[in-house]
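Quick one: sequence and predicted model below, then my questions.
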Amino acid sequence: MTRVYNFSAGPAALPEPVLRQAAEEMLDWHGAGMSVMEMSHRGPEFMSIHAQAQADLRELLGVPSNYRTLFMQGGAIAENAIVPMNLMRGRAGADYIDTGAWSQRSIAEARKFGRINVAASGADGGYTSIPPRAHWRLDPQAAYVHICSNETIGGVQYHWTPEVGEVPLVADVSSDILSRPLDVSRFGLLYGGAQKNIGPAGLTIVIVREDLLDGAHPLTPDAFNYRLQAEADSMLNTPPTYAIYVAGLVFQWLKAQGGLTAMAERNRSKAALLYDCLDATAFYRAPVARECRSWMNVPFKLHDERLDAAFLQGAEAAGLKQLKGHRMVGGMRASIYNAMPIEGVRALVAYMKDFERRHG
C-alpha cells in the first residue's frame, strides 16, 4: 500500500503510527475482546481511555487547575452558538474580531444571541492580515472578546495573544491547537473541532475557566451547558467514543515527539520551507502578509490561473493530494498540520519547482 501526502484542510492527515495502532486494536482493545467502538462509554475500559486522554491533553497544553477540559460534539460551528449561550452571562453583547471566513461564521451565529460588536476587521485588506491591536474598538462591558486564532481558508494566523483586559478572551483554535505551546491562562475559553490536529471529525475540544461555567442562558439545552457537561465529566450524553480514543492516541504520539515545543519547531520549519519557495519566484504568489502567515494552512496562487487545472492534475499524479484552494478564494492551499512530515513539504516544493520549469 502506498500512502500519499494528504494536504487536506480537514478532515486531515493523521500520524501513521496512530493509524497503525488503531488498526491493530480495532477488533480487540487490550484484551477486551471488543472494539472501542463497541464499548459502553460508562464501562471501565472506556473510562480509562477517556481519563488518559483528558490527562494527556492537560499535560500537553499545561492546562491550569482552574480550567475544565470538555469533550463535546458538534464541531466549531456548534460552538459558535454554544459559546454565547453560556458566556453572555446577562451582558448585552460581545466583541468579535473579524479576520476571515470562520470569524464571519462565528459572528453570524452569535448575533442570534445578543448584540455583536465587530471591534476590528481585516475586510478592507482582503483578509490578508490581522488588524493591529491598537485599532481594535473594544467594549469594556462586553461579555467576552472572540478571535479565530487561525483562519483555515484564508491562511491568516495570530502569532501573538491579544491583551483584552478583564474581559474574557475566547478563541476558536480548531486549526492550530497543539501545533505549538499555548498559554491557556491568557484565555477564558478555547474551543476547536478535532479534525485538523487532534483526530477524526466528531469530537470538539472545549477548555473553559471555571468561573465562566455558571452563566448559561436558562434555555440552553443541557447537552450544550458547560456546567452540566463539566459536572458529568463530558458524559451527560453519549460522547464520541472512538474519536476520543483516536485523539488520545494522537496525544500520546505528540508526547513521544517531544511535546508542543518540538512540534512548534517542526511546524515552523515546514512553513518556512514552503513560504521560501513561494517568495523566490513571481510564478507563485502567497497573498497573506508575512507577519500573519499561517504555519498550518498555506494558500497560494499561480501567476496564470489557466494553469491551475494542470498543476492540480500533476500534483495528484505525484501523490500530492487535496491541494485545491477553498472555493471562496480559489487557487491552491497546502494544509501542513502536525501529521504532515517535512518530507511531504519537500516533495511539494520539488514538484512546484519542476512545474515552474515546465510552464514558466
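Nice, I can see it. Residues are numbered from 1 along each chain as shown.

Now do the strands in the stretch 1-150 of the chain.
5-6, 67-72, 93-98, 115-121, 145-148, 150-151 (DSSP state E, counting those that start in this stretch).

Output those strands in TSV; the columns should cover mean pLDDT and mean neighbour count.
In short, each C-beta sits where N, CA and C put it, glycine included. Shown next, in TSV, are the strands of the stretch 1-150 of the chain (pLDDT from 0 to 100; neighbours: other CB atoms under 10 Å):
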stretch	mean pLDDT	mean neighbour count
strand 5-6	97	21
strand 67-72	98	21
strand 93-98	97	24
strand 115-121	97	18
strand 145-148	98	27
strand 150-151	98	28
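
Out of those strands, flag the one nearest residue 28.
Of all the strands of the stretch 1-150 of the chain, it is strand 67-72 that lies closest to residue 28, at 23.9 Å by CB to CB.

Show me what that closest one pairs with in its sheet, parallel or antiparallel.
When pairing is defined by DSSP bridges, strand 67-72 lines up against strand 204-209 (antiparallel).

Run the chain-centre distance for the strand it pairs with.
Computed by CA atoms, centre = their mean, to the nearest Å, the chain-centroid distance of strand 204-209 equals 13 Å.

repeat for stretch 16-32
For stretch 16-32, the distance to the chain centre is 25 Å (CA atoms, centre = their mean).

what's the answer for stretch 238-255, then?
Worked out by CA atoms, centre = their mean, stretch 238-255 lies 15 Å from the chain centre.

Would you mark the buried spots in it?
239-254 (16 or more other CB atoms under 10 Å).

For stretch 74-90, report the contacting residues that lie outside it.
72, 94, 102, 105-106, 109-110, 112-114, 143-144, 146, 168, 170, 172, 174, 188-189, 191-193, 195, 201, 204, 206, 212-213, 215-217, 220, 224-226 (CB atoms under 8 Å, 6 or more residues apart in numbering).

Sitting in helices, which of those residues do you find?
Members of these lying in helices (criterion: DSSP state H): 102, 105-106, 109-110, 226.

Straight-line length of stretch 163-177, end to end?
19 Å (CA to CA, to the nearest Å).

one step back: okay, the strands of the stretch 1-150 of the chain in JSON lines with distance to residue 293 next?
Output for the strands of the stretch 1-150 of the chain, formatted as JSON lines (distance: least, CB to CB, whole Å):
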{"stretch": "strand 5-6", "distance to residue 293": "21"}
{"stretch": "strand 67-72", "distance to residue 293": "29"}
{"stretch": "strand 93-98", "distance to residue 293": "18"}
{"stretch": "strand 115-121", "distance to residue 293": "19"}
{"stretch": "strand 145-148", "distance to residue 293": "15"}
{"stretch": "strand 150-151", "distance to residue 293": "11"}
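
With residue 332 as the reference, name the closest of these.
So among the strands of the stretch 1-150 of the chain, strand 5-6 is nearest, using CB to CB, at 13.9 Å.

Give me the buried positions along stretch 274-287.
Per 16+ other CB under 10 Å, stretch 274-287 contains these buried residues: 274-275, 277-278, 283-284, 286-287.

List the contacts of residue 312.
So residue 312 contacts 323-324, 332 (CB under 8 Å, 6+ apart).

Give the burial count for residue 335, as a bare number.
When neighbours are counted by other CB atoms under 10 Å, residue 335 registers 23.

For the closest residue in space to it that isn't next to it in sequence, give me phi and psi.
In this structure, residue 335 finds its nearest non-sequential neighbour in residue 9, 4.4 Å apart by CB to CB, 6 or more residues apart in numbering. Backbone torsions of residue 9, given as degrees, to the nearest 10, read phi -80, psi -10.

how many other residues sit next to residue 167?
Residue 167: 18 neighbours (other CB under 10 Å).

my guess is it meets residue 142, correct?
Yes: counting by CB atoms under 8 Å, residue 167 touches residue 142, with 5.3 Å between them.

residues bridging contact with these two, i.e. touching both?
residue 95.

What residues does residue 39 make contact with?
Residue 39 neighbours (CB under 8 Å, 6+ apart): 29, 32, 45-46, 241.

So of those residues, which two are at opposite extremes in space?
Among the contacts of residue 39, 32 and 241 lie farthest apart (CB to CB), at 12.9 Å.

now stretch 352-360: mean pLDDT?
Across stretch 352-360, the average pLDDT comes to 96.

Next, the buried residues of that stretch.
352-353, 355-356.
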